[in-house]
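> here is a sequence together with a model predicted from it:
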Amino acid sequence: MKIRYETSYLKDSDIEVLKTRFKEQIFTCDEQDHLEVEIMIAMPKFLKPENLDQYPNLKVVQVLTAGYDMLDLSYFKKRDIVLLNTKDVFSIQIAEDVFSKILYFNRNLKEHQDHMKDGVWKHVPVHYEIAESTVGILGTGSIGIEVAKRMKAFDAKVIGYRQSKQPAPYFDHVYHDEKGLNELYALSDYVVVALPLTEQTYHLIDKQAFTKMKSSAVIINVARGEIINQDDMIQALKAGTIRALGLDVMSPEPLPSDHPLWHMDHVFITPHNASASPYVRQRLIDHVTDTLQRIIKGLPYENRVI
């Protein structure tokens, strides 16, 4: 079996691990080596139809990201190519990032940082805790589950939303329809967005959604910026319809330096790096290794998109 890997992310040392583990397979990065490739490991940028057209025998693609909204899914369906993502690779660190953003607001970290700069000893009142709060998580996949698991340790009630009726551990209840989604908005002290971006989730959170939320609600988005109508989000914060925004993703990215979000109170922005971790590369290689093992043995995939 010939496996094509793309070199924009994977290092030589990563490939050596795979070659050692799968000695009977052929690994190639030769751009001219097209005909016999059955498996491809690549970043989304390479996975365009015009590139994939060069691989007539391609059967499985492992994209090295959790998100797949930048890919032409209809192309994969048309060619009957199995598409796998790396959803479990980034979940732990993204879950930790969610807490960093919530605690930033709850524990007044910006005010204390400003006081440190000025050498000021000053108490700042604390009005919120995660304990005994209700956390609504949009998306009960691997990221949502890791967030929910940690929220239970904080003694929070965890409710979720997903369209398909599948069980999810650590959630007290999961809604599946629009009525339930609106109930989640109304009940949640924190709304965590961890959904994939699709036609159905584009601008899922809009002006109407914000009117259903608590004025004390904090929105945390670690998914895709386009899931929230950004203009409506800004207006909701200005109007006091919500309390704060913790954003790892925006629209567009990079966010222009003159964008109003940079200069708004009660906004904490990180540059789409919630997935950063010293362990991410090892997790990625472990994931790819497991995927290849499943392909070779004909086992079911746990990370199948199509």
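Nice, thanks for sending it over.
> the strands in the stretch 101-250 of the chain, which residues?
In the stretch 101-250 of the chain, the strands defined using DSSP state E, counting those that start in this stretch lie at 134-138, 157-161, 173-175, 190-193, 218-221, 244-247.
> which of those sits most buried?
Neighbour counts (mean count of other Cβ atoms under 10 Å) averaged over each of the strands of the stretch 101-250 of the chain peak at strand 190-193, with a mean of 28. Every residue, glycine included, has its C-beta placed from N, CA and C.
> elements contacting that one?
strand 134-138, strand 218-221 (3 or more Cβ pairs under 8 Å, 6 or more residues apart in numbering; DSSP states H and E).
> now those strands as a markdown table including mean pLDDT and distance to residue 277?
Formatted as a markdown table, those follow (pLDDT from 0 to 100; distance: least, Cβ to Cβ, whole Å):
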| stretch | mean pLDDT | distance to residue 277 |
| --- | --- | --- |
| strand 134-138 | 98 | 20 |
| strand 218-221 | 98 | 18 |
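> ok, back up a step: let me have the strands of the stretch 101-250 of the chain in a markdown table, adding distance to residue 33 as columns.
Formatted as a markdown table, those follow (distance: least, Cβ to Cβ, whole Å):
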| stretch | distance to residue 33 |
| --- | --- |
| strand 134-138 | 42 |
| strand 157-161 | 44 |
| strand 173-175 | 46 |
| strand 190-193 | 41 |
| strand 218-221 | 40 |
| strand 244-247 | 42 |
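> between those strands, which gets nearest to residue 119?
strand 244-247 (26.7 Å; Cβ to Cβ).
> okay, and for the chain, where does confidence drop off?
For the chain, no stretch has pLDDT under 70.
> which residues in it form helices?
Secondary structure of the chain (DSSP state H): helices located at 12-21, 49-52, 73-79, 91-106, 109-118, 142-153, 178-187, 207-211, 230-238, 280-297.
> and these, which is most packed in?
Each of those was scored by mean neighbour count; the highest is helix 142-153, a mean of 22, by mean count of other Cβ under 10 Å.
> quick one: contacts of that helix?
66, 87-88, 90-92, 94-96, 98-99, 130, 135, 137-138, 140, 158, 160, 162, 168-171, 192, 194, 222-223 (Cβ atoms under 8 Å, 6 or more residues apart in numbering).
> mind redoing it with 6 Å?
With contact meaning Cβ atoms under 6 Å, 6 or more residues apart in numbering, helix 142-153 is reached by 87-88, 91-92, 94-95, 98, 135, 137, 158, 170-171, 192, 194.
> is it true that residue 269 touches residue 247?
Yes: contact criterion Cβ atoms under 6 Å: residue 269 and residue 247 qualify, at 5.2 Å.
> domains for this protein, by residue range?
2-89+278-297, 91-269 (automatic domain parsing).
> just want the most central residue of the protein.
Centrality entry for the chain: nearest residue to the mean C-alpha point is residue 223, 4.1 Å, by Cα atoms, centre = their mean.
> which residues touch it?
Counted by Cβ under 6 Å, 6+ apart, residue 223 has contacts 193, 194, 195.
> try 10 Å this time
66-67, 69, 94, 138-139, 143-144, 192-197, 201, 204, 248-249, 274 (Cβ atoms under 10 Å, 6 or more residues apart in numbering).
> so how far is residue 21 from it?
Going from residue 223 to residue 21 by Cβ to Cβ, to the nearest Å gives 32 Å.
> again, but for residue 213
Residue 213 is 48 Å from residue 21, where distance means Cβ to Cβ.
> put together a markdown table for the contacts of helix 142-153, with distance to residue 149 on each row.
A markdown table is the format used below for these (distance: Cβ to Cβ, whole Å):
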| residue | distance to residue 149 |
| --- | --- |
| 87 | 15 |
| 88 | 13 |
| 91 | 10 |
| 92 | 10 |
| 94 | 13 |
| 95 | 8 |
| 98 | 12 |
| 135 | 12 |
| 137 | 11 |
| 158 | 9 |
| 170 | 5 |
| 171 | 10 |
| 192 | 13 |
| 194 | 13 |
